[in-house]
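Colleague: show me how the following folds:
(2 chains)
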Amino acid sequence: GESVGLHLPTLSVQEGDNSIINCAYSNSASDYFIWYKQESGKGPQFIIDIRSNMDKRQGQRVTVLLNKTVKHLSLQIAATQPGDSAVYFCAERIPGNTGKLIFGQGTTLQVKP
Amino acid sequence: ETGVTQTPRHLVMGMTNKKSLKCEQHLGHNAMYWYKQSAKKPLELMFVYSLEERVENNSVPSRFSPECPNSSHLFLHLHTLQPEDSALYLCASSLGVAGVDTQYFGPGTRLTVL
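Modeller: This is a model prediction of the structure:
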């Protein structure tokens, strides 16, 4: 079926440590994946994306890894800061003409000072 | 700010009321979306509009009625809602629906149905 899941509902890390947030997807036809960050009282904010023809993409302090063999996506945040505290969602795009995204449930990242 | 605004930010309504949610995007995008975000559940796509034409209706009950008068504005008209419709309603826009255009979200309207 179409579902995107995250392995852990909550992740607690120490400030300065690296964070890894995982996501499993089920649709092998999905061609595009996105990570969003949602802070309290705000809408989801785009962080980074990756197409299915890539296995790694780096941004500023963030890296997304895609393993199509096991249908797994991860978001790595380097030197986690208090401002990184939020809910993180992965989403997969179903190929087609409507840009339909299937979202996971989200992982809450808590950064301890 | 993402360039997508939503009003009101909070709304409380009774089951017999009629209300509307408004979304406006200032990004020059051609596609707009309504999502529902409930506690403990993933974001659910409700409607997709491309160039003011509805291209996706994700089995949403008829008590939710979208309207897209132009590519910058999107409305969600609500009538005879149920308490289980209480949720955060998010609007998003993207350049187009084909390809891999990033969707930009507004802050949402927190809806409570009594």
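
Colleague: how close does residue B:17 get to residue B:44?
Modeller: Computed with Cβ to Cβ, to the nearest Å, the distance linking residue B:17 and residue B:44 is 22 Å. (Glycine included, C-beta is placed from N, CA and C.)

Colleague: higher neighbour count, the two?
Modeller: Between residue B:17 and residue B:44, residue B:44 has the larger neighbour count (other Cβ atoms under 10 Å in any protein chain shown), namely 17 against 14.

Colleague: ok, the nearest residue to the more buried one once chain neighbours are set aside - contacts?
Modeller: Take residue B:44 and drop its neighbours on the chain: the residue closest to it by Cβ to Cβ, 6 or more residues apart in numbering or on different chains is residue B:36, 4.7 Å away. By Cβ atoms under 8 Å, 6 or more residues apart in numbering or on different chains, the residues touching residue B:36 are B:43-44, B:46, B:87-90.

Colleague: give me the mean pLDDT for stretch A:71-79.
Modeller: Stretch A:71-79 shows a mean pLDDT of 96.

Colleague: who touches that stretch?
Modeller: For stretch A:71-79, the external contacting residues (Cβ under 8 Å, 6+ apart) are A:16-26, A:28, A:33, A:35, A:47-48, A:50, A:61-67, A:84, A:88, A:90, A:109.

Colleague: list the buried residues in that stretch.
Modeller: A:71, A:73-77 (16 or more other Cβ atoms under 10 Å in any protein chain shown).

Colleague: let's see which of those end up in strands.
Modeller: Judged by DSSP state E, the buried residues of stretch A:71-79 include A:73-77 as members of strands.

Colleague: for chain A, which segments are assigned as helices?
Modeller: All residues of chain A lie outside helices when identified by DSSP state H.

Colleague: ok, the nearest residue in space to residue A:14 that is not next to it in sequence - contacts?
Modeller: Among residues not flanking residue A:14 along the chain, residue A:112 sits closest, at 5.3 Å (Cβ to Cβ, 6+ apart). Neighbouring residues of residue A:112 by Cβ under 8 Å, 6+ apart: A:12-15.

Colleague: many thanks, we can stop here.
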